[in-house]
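K.L.:
Got a predicted structure here, sequence first:
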Amino acid sequence: MGGYSGFGNRLKSAEIYDVDRNQWSLLPPMNKTRSDAGCCSSGGKIFVAGGFTGDEILYSAEMFDPMVGLFEILMKLMSIKYIHYI
């Protein structure tokens, strides 16, 4: 989820791994560019929180629901998060 290109650019891109097919697939882009974010899945949805834009550490969080097919912005975190686990 997101990341750093190595050329000074943080990314909005996201990929998902299908264990049965042994294949990665591209998801729609996140709403916020971020690297070093925390990510987890629960209830069939993917959650991404915090991270770094290259200029600021983020309070923002997003959720990907495969039934909707888009990342949805969630309520802001209580504090900024960077290089963390959720």
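P.N.:
Received the coordinates, thanks.
K.L.:
Quick check: end-to-end length of stretch 42-61?
P.N.:
Start-to-end span of stretch 42-61 (C-alpha to C-alpha, to the nearest Å) is 14 Å.
K.L.:
Quick one: distance of it to the chain centre.
P.N.:
How far stretch 42-61 lies from its chain's middle: 5 Å, per C-alpha atoms, centre = their mean, to the nearest Å.
K.L.:
what do you get for stretch 23-41?
P.N.:
On C-alpha atoms, centre = their mean, the centre of stretch 23-41 falls 3 Å from that of its chain.
K.L.:
Mind listing residues that contact that stretch?
P.N.:
1-4, 10-18, 46-54, 58, 60, 62, 64, 69-71, 73, 81-86 (C-beta atoms under 8 Å, 6 or more residues apart in numbering). Heads up, the C-betas are built off the backbone N, CA and C, glycines and all.
K.L.:
Buried among those residues? Make that a ChimeraX selection.
P.N.:
Buried residues among the contacts of stretch 23-41 (16 or more other C-beta atoms under 10 Å), as a ChimeraX selection:
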select :1,2,3,10,12,14,46,47,48,49,50,51,52,58,60,62,64,71,81
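K.L.:
Just the ones of the contacts of stretch 23-41 in strands?
P.N.:
14-18, 46-49, 62, 64, 70-71, 73 (DSSP state E).
K.L.:
and the residues you listed, which two are the farthest apart?
P.N.:
18 and 73 (25.7 Å; C-beta to C-beta).
K.L.:
What is the burial count for the residue nearest to residue 17 when sequence neighbours are not counted?
P.N.:
Ranked by C-beta to C-beta, 6 or more residues apart in numbering and with sequence neighbours excluded, the top spatial neighbour of residue 17 is residue 24, at 5.5 Å. The tally of other residues near residue 24 (other C-beta atoms under 10 Å) stands at 9.
K.L.:
Before we move on, what's the pLDDT of the nearest residue to residue 13 once chain neighbours are set aside?
P.N.:
Residue nearest to residue 13 in three dimensions, not counting chain neighbours: residue 29, with 5.9 Å by C-beta to C-beta, 6+ apart. Looking at residue 29, its pLDDT reads 97.
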